[in-house]
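Visitor: sequence unavailable; structure follows:
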């Protein structure tokens, strides 16, 4: 969070390195990163339909005491917000293949929803 605030405050910081002209915050590009996201997921209907229910069920699971449910929520939202942040600060395009980790986190999230704690039933003495 501090890096983001530092980057916003020092928008016109001039240095002698090669990438100094590329690192500046552009609000229109940041918001265009959000508008590009639906175009990237237009063929992933399964992911789009299950995005909100998975987050809600992971929230309920974390309230019940599951260890990694909240971290999966943070990782999924981090993948979703990373595209607009990258397009806002740099001159990179966000391609659909960069959403592959989100599919992996979806799979782990669904695994967390259907887990059963078998090791608590085993009495190790």
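Guide: On my side now, so go ahead. Everything numeric here is computed off the predicted structure, so don't read it as measured data. Numbers count the residues shown, from 1 in each chain.

Visitor: for residue 23, which three-state class applies?
Guide: coil (DSSP: H, G, I helix; E, B strand; the rest coil).

Visitor: residue 62 now?
Guide: Here residue 62 is recorded as helix under three-state DSSP.

Visitor: quick check: chain neighbours aside, which residue is closest to residue 115?
Guide: Closest residue in space to residue 115, ignoring its immediate chain neighbours: residue 66 at 7.5 Å, by C-beta to C-beta, 6 or more residues apart in numbering. For every residue, glycine as well, the C-beta is placed using N, CA and C.

Visitor: which residues in the protein form helices?
Guide: Assigned by DSSP state H, the chain shows helices spanning 2-9, 27-40, 45-63, 69-89, 100-113.

Visitor: and the fourth one, what does it pack onto?
Guide: Same thing as helix 69-89. Helix 69-89 makes packing contacts with helix 27-40, helix 45-63, helix 100-113 when contacts are defined by 3 or more C-beta pairs under 8 Å, 6 or more residues apart in numbering; DSSP states H and E.

Visitor: rerun at 10 Å
Guide: With contacts taken as 3 or more C-beta pairs under 10 Å, 6 or more residues apart in numbering; DSSP states H and E, helix 69-89 sits against helix 2-9, helix 27-40, helix 45-63, helix 100-113.

Visitor: can you list contacts of stretch 33-45?
Guide: With contacts defined as C-beta atoms under 10 Å, 6 or more residues apart in numbering, stretch 33-45 is touched by 47-48, 50-51, 80-88, 92-99, 102-103, 106.

Visitor: now swap in stretch 95-113 and tell me
Guide: 36-37, 39-44, 46-47, 50-51, 53-55, 57-58, 60-62, 66-69, 71-80, 82-83, 86, 92.

Visitor: let's see that with 8 Å instead.
Guide: Here stretch 95-113 makes contact (C-beta atoms under 8 Å, 6 or more residues apart in numbering) with 40-41, 44, 47, 50, 54, 57-58, 61, 66, 68-69, 72-73, 75-76, 79-80, 83.

Visitor: okay then, goodbye and thanks.
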